[in-house]
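Peer 1: the following comprises the amino acid sequence and a computationally predicted model.
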2 protein chains.
Amino acid sequence: MNEKEIATIFKAFCDENRIRILLLLLGGEKCACLLLEEMNITQPTLSHHMKILCDSGIVVGRKDGKWIHYSLSDEGIEKAQKYLEFLRRK
Amino acid sequence: MNEKEIATIFKAFCDENRIRILLLLLGGEKCACLLLEEMNITQPTLSHHMKILCDSGIVVGRKDGKWIHYSLSDEGIEKAQKYLEFLRRK
DNA sequence: ACCTCACATTGAAATTTATCTATTTGATAT
DNA sequence: ATATCAAATAGATAAATTTCAATGTGAGGT
């Protein structure tokens, strides 16, 4: 894991709108259209944030016909946690 | 903890140069002048990144005469970890 | 085939962040 | 006092990110 990869993972958490999306996903899997209703942004902006969230590995998308259902990825979050744990080594 | 505060914490981890600084601090407390030698950036740029790192709570600075000695903050890292743990609740 | 719906992509504008040079501040030493 | 060194601040520019309007794509439905 190099500096760039680490940064990519944590980009999920360094934007207010993305944090809001993560909090919404805490309630369980949600499709993009539902997230869009809850957020005060346009559809392309949401799409942009969802890409960053998926690239980070913190969120995964499940395609279902026209819809994409997004949810938090335990694996992705674990990976981020492991890096923080690594920083605590003395 | 609102969205903005969370974002502020994780800003520490979403820039390549800041990740490099964190890795350097993993070796123990270091003064700014030493970090400067290791990084390929100017002194004001380092100063800018150190401010973001300190604002995030992930790094703390200890003033000692003309010098400032920086080190990783276990408390700050723990706070970030707790947030990630929170995201894993089902 | 055509229409509609959900989402992605393009391209451009606005905002934020990163970076530099120049200068200032604050501490120590002479 | 003044000179020096470490770090912060100011101000400007460059680069990256966020955002939106417009358009494209792909999956169903009629």
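Peer 2: Perfect, I can see it now.
Peer 1: from now on I want contacts and neighbour counts done on CA atoms only, so please keep to that.
Peer 2: Fine.
Peer 1: from chain A, which residue is nearest to DNA strand D?
Peer 2: Closest contact between chain A and DNA strand D, by Cα to the nearest atom of the strand, is at residue A:65 (3.3 Å).
Peer 1: neighbours around that residue, how many?
Peer 2: 6 (other Cα atoms under 10 Å in any protein chain shown).
Peer 1: from DNA strand C, how far out is it?
Peer 2: Per Cα to the nearest atom of the strand, to the nearest Å, residue A:65 is found 8 Å from DNA strand C.
Peer 1: and if you look at residue A:85?
Peer 2: Counting by Cα to the nearest atom of the strand, the gap from residue A:85 to DNA strand C is 22 Å.
Peer 1: secondary structure class for residue A:70?
Peer 2: Secondary structure state of residue A:70, per DSSP: H, G, I helix; E, B strand; the rest coil, is strand.
Peer 1: how about the residue of chain A closest to DNA strand D, phi and psi?
Peer 2: Taking degrees, to the nearest 10, you get phi 70, psi -120 for the backbone angles of residue A:65.
Peer 1: and residue A:2, how many neighbours?
Peer 2: Neighbour count of residue A:2, defined by other Cα under 10 Å: 9.
Peer 1: show the pLDDT at it.
Peer 2: For residue A:2, the pLDDT comes out at 92.
Peer 1: how near is it to residue B:49?
Peer 2: Applying Cα to Cα, to the nearest Å, one obtains 19 Å for the distance of residue A:2 from residue B:49.
Peer 1: contacts only, for the residue positioned nearest the centre of chain A.
Peer 2: With distances taken as Cα atoms, centre = their mean, residue A:53 lies nearest the centre of chain A, 3.2 Å away. Contact analysis of residue A:53 by Cα atoms under 8 Å, 6 or more residues apart in numbering or on different chains lists A:11-12, A:18, A:59.
Peer 1: residue A:43 too?
Peer 2: residue A:36.
Peer 1: pLDDT value on it, please?
Peer 2: So residue A:43 comes in at 98 (pLDDT).
Peer 1: how close does it get to residue B:12?
Peer 2: 29 Å.
Peer 1: got it, and residue A:34?
Peer 2: Distance, residue A:34 to residue B:12, by Cα to Cα: 31 Å.
Peer 1: correct me if wrong: residue A:52 contacts residue A:12.
Peer 2: Yes: between residue A:52 and residue A:12 a contact is recorded at 6.6 Å, counting by Cα atoms under 8 Å.
Peer 1: which of those two has more residues huddled nearby?
Peer 2: Legend: neighbour count by other Cα under 10 Å for residue A:52 and residue A:12, higher for residue A:12 (29 against 19).
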